[in-house]
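In: show me the folded form of this:
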Amino acid sequence: MRTVELLVVGGGPAGLCAAIQAAEMGSSVILVERSQHLGGQLIKQTHMFFGSEKQYASKRGFDISNILLDKIASLEKITLMQSTTVMGIYEDGVVTLEHKGEYIKVLPKATIVATGASEKTLAFPNNDLPGIYGAGAVQTLMNEYGIKPGNRVVMVGAGNIGLIVSYQLMQAGVEVAAIVEGGPKIGGYLVHASKVRRMGVPILTRHTIKSAHGKEVLEKVTLWQLDDQWNGIPGTEIEFGVDVMCIAVGLAPLSELLWQAGCQMKFIESLGGYVPTRDENLQTSVKGLFVAGDVSGVEEASSAMVEGYLAGMSAASYLGYKLYNMNEVKENLLNQLDSLRHGQMGEKIRKGIAELQIEHEAAASVDA
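Out: You can find the predicted model right below:
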């Protein structure tokens, strides 16, 4: 049995920032990442970030990843375990890992789960044809491995991910035939939509995929218009000859470990699905178990990093480590999150988080 003060599960933006903050406060940290590489979504993001200087505004995702990894390398309190899968979190606090065929038990005094989210998909005939990808897979091919996924693409989803990846595809020499959005409005920032529209790409709202066609690989897609009940309207079909379909219809929190650990969970649509209740320190209903990033509610990477710092500070404080100006630092982090959660979508996120905190506090009062 291996013991450690703090176990951080997930080496994406939230996990990296959590480990850095906790280690800087004096805590010993084991950072576990199932992939061979650290950085999560950051390493495949080539666009410049919004936010403020504190969230690395105007820097590209892979540059931010390098900044955080350089900081990790400078901290002796952090032990990295890459290519390692967390098998389970149990009632007695034991966490089991699989590392290169070896089964390992770890007993942390506190745990931060920052496992991120997985891509949602759509059901339609022939949705398993080669050439149909999630947006994350397309970013991995292009931005990590330099592989052009195809020649002509239909993008499904006009949120920020769909719009950004469409622009990246065009930069790589791929023609974007159309961007398809089931909702009545574009879900992403208008600045991203304007860039692709200026390049002649139509954005078809109130449309979705009716079916995909091809013998062995994707050759053609059929779209159709949706009515107010989200049903396809016969007679409105449009066909595009394409060899790639990219699906960017949202993310769902990777919360399986939280369910197993016994965390109180609640379905919040605006946060991507089932997420854990927690207090403003990001501690869940399970004492000593904290969350950060998309597993606690799908947002932008900037918010994930700020939540990582907050969770790292909270976990280190739980372990007995303090900052002389901790209240000031915490207030600053909460103000950063509030600033990032602006606008119509931000309002939905704030309301969703408020529901989680209210339920968590109610449960805590009943336990008391």
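In: remind me which helix or strand W259 belongs to.
Out: Element membership for W259 (DSSP states H and E) is helix 256-261.
In: what do you get for T236?
Out: Counting by DSSP H and E, T236 is part of no helix or strand.
In: so what's R34 closest to, chain neighbours aside?
Out: Distances taken as C-beta to C-beta, 6 or more residues apart in numbering put T85 closest to R34, at 4.8 Å, once the chain neighbours are dropped. Heads up, the C-betas are built off the backbone N, CA and C, glycines and all.
In: also M313?
Out: With C-beta to C-beta, 6+ apart, the residue lying closest to M313 is Q21, at 5.2 Å.
In: identify the residues contacting that neighbour.
Out: 308-309, 311-313, 316 (C-beta atoms under 8 Å, 6 or more residues apart in numbering).
In: pull the most distant pair out of these.
Out: Greatest spatial distance in the contacts of Q21: G308 and A316, 12.4 Å, computed using C-beta to C-beta.
In: neighbour count winner among the two?
Out: Legend: neighbour count by other C-beta atoms under 10 Å for G308 and A316, higher for G308 (30 against 25).
In: and the pLDDT for the more buried one?
Out: Listed pLDDT for G308 reads 97.
In: can you tell me the element it falls in?
Out: Assigned by DSSP H and E, G308 belongs to helix 301-318.
In: ok, K105 next?
Out: Assigned by DSSP H and E, K105 falls within strand 102-113.
In: following element in sequence after that strand, please.
Out: Downstream of strand 102-113, the first helix or strand assigned by DSSP H and E is strand 117-119.
In: avg pLDDT for that next one?
Out: pLDDT averaged over strand 117-119 gives 92.
In: now stretch 213-224
Out: Averaged over stretch 213-224, pLDDT sits at 97.
In: need the residues that contact that stretch.
Out: So stretch 213-224 is contacted by 126, 129-132, 154, 178, 180, 204, 207-212, 232-234, 236-245 (C-beta under 8 Å, 6+ apart).
In: would you mind listing the buried residues in it?
Out: Across stretch 213-224, burial judged by 16 or more other C-beta atoms under 10 Å covers 214, 218, 221-224.
In: list just the nearest of those residues to L69.
Out: Of those, the one sitting nearest to L69 (C-beta to C-beta) turns out to be L218, at 36.3 Å.
In: excluding sequence neighbours, find me the nearest residue to that closest one.
Out: Nearest non-adjacent residue to L218, counting by C-beta to C-beta, 6+ apart: G131, 3.2 Å away.
In: what does H192 give?
Out: Nearest non-adjacent residue to H192, counting by C-beta to C-beta, 6+ apart: L163, 3.8 Å away.
In: can you give me the neighbour number for the one you found?
Out: Number of residues near L163 (other C-beta under 10 Å) recorded here: 30.
In: quick one: which helix or strand includes it?
Out: helix 160-171.
In: right, and the helix or strand after that helix?
Out: Of the helices and strands lying after helix 160-171 in sequence (DSSP H and E), the nearest is strand 175-181.
In: list the contacts for the residue nearest to R34?
Out: Applying C-beta under 8 Å, 6+ apart, the residues near T85 are 34, 97-99.
In: can you check L129 too?
Out: Per C-beta under 8 Å, 6+ apart, neighbours of L129: 212, 214, 217-218.
In: strands of the stretch 51-200 of the chain, start to end?
Out: For the stretch 51-200 of the chain, the strands defined by DSSP state E, counting those that start in this stretch occupy 78-81, 84-89, 95-99, 102-113, 117-119, 132-134, 152-156, 175-181.
In: same for the first one, what does it pack against?
Out: Contact partners of strand 78-81 among helices and strands, from 3 or more C-beta pairs under 8 Å, 6 or more residues apart in numbering; DSSP states H and E: helix 13-24, strand 29-32.
In: next: the longest one.
Out: Contact analysis of strand 102-113 by 3+ C-beta pairs under 8 Å, 6+ apart lists strand 2-9, helix 13-24, strand 84-89, strand 95-99, helix 256-261, strand 289-291, helix 301-318 as its packing neighbours.
In: what are the pairing partners of that strand, and which direction each?
Out: Sheet pairing of strand 102-113 (DSSP bridges) gives strand 2-9 (parallel), strand 95-99 (antiparallel), strand 289-291 (parallel).
In: highest average neighbour count across those strands?
Out: strand 289-291 (a mean of 29; mean count of other C-beta atoms under 10 Å).
In: G61 is in contact with Q41, isn't it?
Out: Yes: contact criterion C-beta atoms under 8 Å: G61 and Q41 qualify, at 7.1 Å.
In: for V244, what are phi and psi?
Out: Dihedral angles of V244 (phi, psi; degrees, to the nearest 10) stand at phi -140, psi 140.
In: tell me who's in contact with it.
Out: Contacts for V244 (C-beta under 8 Å, 6+ apart) come out as 131-133, 138, 149-154, 174, 218.
In: name whatever forms a beta bridge with it.
Out: Taking DSSP bridges as the rule, V244 bridges to V153.
In: look up how far I132 lies from it.
Out: Distance from V244 to I132, counting by C-beta to C-beta, to the nearest Å: 8 Å.
In: do the same with I78
Out: For I78, the distance to I132 - C-beta to C-beta - is 39 Å.
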